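> any chance you could fold what I've pasted below:
(one chain, ligands or ions: 1)
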Amino acid sequence: MSDPILTTTALEKRFTSGKGIIGKPTVIHAVNGVSLSVERGETFAIVGESGCGKSTLARLLLRLLEPTEGTVTYDGQDLTGLSAARMRKLRAEMQFIFQDPFSSLNPRMTVETIVGEPLLVHSTLSRKERRARVADLLTKVGLRPDHADRYPHEFSGGQRQRICVARALASGPKLLIGDEPVSALDVSVQAQIVNLLEDLKDDFGLTLIIIAHDLSVIRHMADRVAVMYLGEVVELAATEDLYSTPRHPYTRALLSAIPVPSPGGRGQIAHLGGDIPSPANPPPGCKFHTRCPHATEICRTTRPVLEEGTAHQTACHHWRDLPTLSEPAPTPERSPATAARFALWREHST
Ligand SMILES: Nc1ncnc2c1ncn2[C@@H]1O[C@H](COP(=O)(O)OP(=O)(O)OP(=O)(O)O)[C@@H](O)[C@H]1O
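Sure, this is the predicted structure:
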């Protein structure tokens, strides 16, 4: 039975900045009509290229940003209407891990102060109890209790991210959101942090939301994946379904960007050409149509909606007609500009 811990309804965030060329402020559509539901205890991944609105969405989920429109419901409570005091209490349950463990730790504080800070805000422990709790948290994240007396610069990137995780756990969260929690780390260390998060999820009964810019990191971790493109969720499915039968051309392109060692792998799928359009001036219709090899007239004029009510949801007019992954790519119907861009891109990618 469905037991959502977090639900969003038609969530939107528009940023207004400066003056455009004709004197009007520029409006950036960072998140555009996102409705999704995260189940208690699952690992939910949000994936997309840089600038597609993942971080903005993550911040909206914790109300670190106010939405322009739409709602976020956490554990049955509409966050958009909560007072600052109530929100402060809830923050203990909803924690954030940032991408860069180098800049997110205060260099002048000891690890004990950093990890113990949430305990000062959210609990009434004595100094001794707090120190014991910090030692316990450090052990849980794979560090030693005596690390408490050291400063962030004395640690490697992976160890610093462990400190960030310990700090996030200190207030006893139910929900942990990691904004690209491993992408600033060496590849050799990434798996260790991914494994740590998985172990902690079970130990602490957490729900995890993981933001990533490619699909490789979250494959073995996520239960479900939402793929975002220019502020919108274009495909949402159980991880296994998404990897075995990706429907949206954008998801297929993202998957094809993951190196596959076997010769019968996904080599046939065209990699993505062209740049992501500006969210200040998004294309009409399907926002992906300017880069899509399958785009037709309807894609240029009519926005496809994510089909609700099914486990595997896709926002594409043509997903049912697309070739299966082993078939050769079709001759795409493209505008001359798109065709030129694809030709250029193919030239550089072979
Ligand atoms: N405070 C802000 N003011 C104006 N524009 C913003 C602001 N924050 C984000 N944006 C814009 O909103 C869009 C989405 O940004 P966001 O950081 O959410 O994307 P992202 O997918 O997380 O990218 P990245 O992986 O590079 O962080 C971008 O075009 C970005 O420039």
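> only C-alpha atoms for contact and neighbour calcs from this point on.
OK.
> average pLDDT across stretch 321-334?
Regarding stretch 321-334, the rounded mean pLDDT is 56.
> wait, stretch 49-58
For stretch 49-58, the mean confidence score works out to 92.
> what residues of it count as buried?
When burial is assessed from 16 or more other Cα atoms under 10 Å, stretch 49-58 yields the following buried residues: 49, 51-58.
> what about L138, how many residues close to it?
L138: 25 surrounding residues under other Cα atoms under 10 Å.
> and the contacts of the one helix or strand it maps to?
For L138, the enclosing helix or strand under DSSP states H and E is helix 127-140. Residues external to helix 127-140 that are found in contact with it (Cα atoms under 8 Å, 6 or more residues apart in numbering): 112, 115-116, 119, 144-148, 163, 166, 169-170, 200.
> likewise stretch 221-238?
Contacts with stretch 221-238, where a contact means Cα under 8 Å, 6+ apart, come from 29-34, 42-49, 51-54, 194, 198, 210, 239, 242, 247-248, 250-251, 276-277, 279, 282, 287-288, 306, 311-316.
> ok, then the element right after the helix holding L138?
The helix or strand immediately downstream of helix 127-140 is helix 157-170, counting by DSSP H and E.
> got a list of contacts for the helix or strand that that next one is followed by?
Counting by DSSP H and E, the next helix or strand C-terminal to helix 157-170 is strand 175-179. Defining contact as Cα under 8 Å, 6+ apart, one finds that strand 175-179 is touched by 55, 58, 93-99, 168, 206-212.
> what do you get if the cut-off is 7 Å, keeping everything else the same?
Defining contact as Cα atoms under 7 Å, 6 or more residues apart in numbering, one finds that strand 175-179 is touched by 55, 93-99, 206-211.
> can you list the residues of the stretch 251-350 of the chain near the ligand?
P279 (Cα under 6 Å from any ligand atom).
> the stretch 251-350 of the chain: strands as residue ranges?
Assigned by DSSP state E, counting those that start in this stretch, the stretch 251-350 of the chain shows strands spanning 313-314.
> pull the contacting residues for the closest residue to the ligand within it.
Across the stretch 251-350 of the chain, the shortest distance to the ligand (Cα to the nearest ligand atom) belongs to P279, at 5.5 Å. Contacts for P279 (Cα under 7 Å, 6+ apart) come out as 28-30, 230.
> likewise E49?
By Cα under 7 Å, 6+ apart, the neighbours of E49 are H213.
> next one: R247
Counting by Cα under 7 Å, 6+ apart, R247 has contacts 314, 319.
> ditto for T207
Contacts of T207 (Cα under 7 Å, 6+ apart): 40-43, 174-176, 201.
> of those residues, which is the most crowded?
L175 (28 neighbours).
> and the gap between that one and G142?
20 Å (Cα to Cα, to the nearest Å).
> cool, and L169?
Distance from L169 to G142, by Cα to Cα: 13 Å.
> ok, these two, which is more surrounded?
L169 (28 against 14).
> can you list contacts of stretch 143-160?
In contact with stretch 143-160 (Cα under 7 Å, 6+ apart) are residues 101-102, 105, 107, 109-112, 135, 138-139, 185, 189.
> can I have the buried ones of these as a PyMOL selection?
Only the buried entries of these go into this PyMOL selection, using 16+ other Cα under 10 Å:
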select buried, resi 101+102+105+110+111+112+135+138+185+189
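> C292: which of the buried residues of stretch 49-58 is nearest?
Nearest to C292 among the buried residues of stretch 49-58 is E49, at 15.0 Å by Cα to Cα.
> surely that closest one forms part of a helix?
No. Assignment of E49 by DSSP: H, G, I helix; E, B strand; the rest coil gives coil, placing it outside any helix.
> for the contacts of stretch 143-160, give me JSON lines that also has secondary structure.
Formatted as JSON lines, the contacts of stretch 143-160 follow (three-state DSSP):
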{"residue": "P101", "secondary structure": "coil"}
{"residue": "F102", "secondary structure": "coil"}
{"residue": "L105", "secondary structure": "coil"}
{"residue": "P107", "secondary structure": "coil"}
{"residue": "M109", "secondary structure": "coil"}
{"residue": "T110", "secondary structure": "coil"}
{"residue": "V111", "secondary structure": "helix"}
{"residue": "E112", "secondary structure": "helix"}
{"residue": "A135", "secondary structure": "helix"}
{"residue": "L138", "secondary structure": "helix"}
{"residue": "T139", "secondary structure": "helix"}
{"residue": "L185", "secondary structure": "coil"}
{"residue": "V189", "secondary structure": "helix"}
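> distance to the ligand and pLDDT for the contacts of stretch 143-160 - can I get that in JSON lines?
Below are the contacts of stretch 143-160 laid out as JSON lines (distance: Cα to the nearest ligand atom, whole Å; pLDDT from 0 to 100):
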{"residue": "P101", "distance to the ligand": "15", "pLDDT": "77"}
{"residue": "F102", "distance to the ligand": "16", "pLDDT": "78"}
{"residue": "L105", "distance to the ligand": "19", "pLDDT": "91"}
{"residue": "P107", "distance to the ligand": "23", "pLDDT": "93"}
{"residue": "M109", "distance to the ligand": "27", "pLDDT": "95"}
{"residue": "T110", "distance to the ligand": "28", "pLDDT": "95"}
{"residue": "V111", "distance to the ligand": "27", "pLDDT": "96"}
{"residue": "E112", "distance to the ligand": "29", "pLDDT": "95"}
{"residue": "A135", "distance to the ligand": "33", "pLDDT": "96"}
{"residue": "L138", "distance to the ligand": "28", "pLDDT": "96"}
{"residue": "T139", "distance to the ligand": "31", "pLDDT": "96"}
{"residue": "L185", "distance to the ligand": "15", "pLDDT": "85"}
{"residue": "V189", "distance to the ligand": "20", "pLDDT": "88"}
